[in-house]
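Visitor: build me a structure from this.
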Amino acid sequence: MKRTLIFVALALQACVFAAVAGEWPQGGGEKFTQECVASAARQVPQDKAVAYCNCSNGMMQEAFTSQQLVSVTEGRKPTEDELTVLTDISRTCARETLQ
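Guide: Numbers count the residues shown, from 1 in each chain. Coordinates of the predicted model:
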């Protein structure tokens with residue numbers, strides 16, 4: 001449970017959102033993954049951090065529009081609906097990669 005909360009915070013820190021599949025702006029996906037791994041690797045082994053962050057990155061692209069992903073790179077605060085999606089992504093990726 002504690003790990004899940006940690007990764008929810010990581011996903012929220014990345015500020016992602018909900019809608020139709022999109023693409024990161026140039027360099028945005030790599031930046032997200034690097035920042036995510038840097039944070040997650042303080043809590044779990046490096047290989048698990050990389051797997052978790054790659055999972056999160058991919059699910060974010062499936063769940064959010066390109067415009068929303070641009071907002072992530074600009075640091076816009078997510079809406080309540082976006083936070084719900086972020087929490088679901090975090091839980092799913094934690095369950096798939098951290099066990």
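
Visitor: low-confidence ranges in the chain?
Guide: Along the chain, the parts satisfying pLDDT under 70 run over 1-20.

Visitor: quick one: the helices in it?
Guide: 2-14, 28-40, 46-63, 66-74, 80-97 (DSSP state H).

Visitor: minimum distance to Ala21: which of these has it?
Guide: helix 46-63 (5.4 Å; C-beta to C-beta). All C-beta spots, glycine's among them, are computed from the backbone N, C-alpha and C.

Visitor: buried residues, that closest one. List them.
Guide: For helix 46-63, the neighbour count (16 or more other C-beta atoms under 10 Å) marks 48-57, 59-61, 63 as buried.

Visitor: before we move on, back to that, got the helices of the chain as JSON lines, with distance to Gly22 columns?
Guide: Formatted as JSON lines, those follow (distance: least, C-beta to C-beta, whole Å):
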{"stretch": "helix 2-14", "distance to Gly22": "14"}
{"stretch": "helix 28-40", "distance to Gly22": "10"}
{"stretch": "helix 46-63", "distance to Gly22": "6"}
{"stretch": "helix 66-74", "distance to Gly22": "4"}
{"stretch": "helix 80-97", "distance to Gly22": "13"}
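
Visitor: which pair of the buried residues of helix 46-63 spans the longest distance?
Guide: Lys48 and Ala63 (22.0 Å).

Visitor: closest to Ile89 out of the buried residues of helix 46-63?
Guide: Comparing the buried residues of helix 46-63 against Ile89 with C-beta to C-beta places Met59 closest, at 4.6 Å.

Visitor: show the contacting residues for that closest one.
Guide: Applying C-beta atoms under 8 Å, 6 or more residues apart in numbering, we find Met59 in contact with 89, 92-93.

Visitor: at 10 Å what do you get?
Guide: Contact analysis of Met59 by C-beta atoms under 10 Å, 6 or more residues apart in numbering lists 11, 16, 85-86, 88-90, 92-93, 96.

Visitor: now do Glu30
Guide: Residues near Glu30 by C-beta under 10 Å, 6+ apart: 24, 57.

Visitor: repeat that for Cys55.
Guide: 89-90, 92-98.
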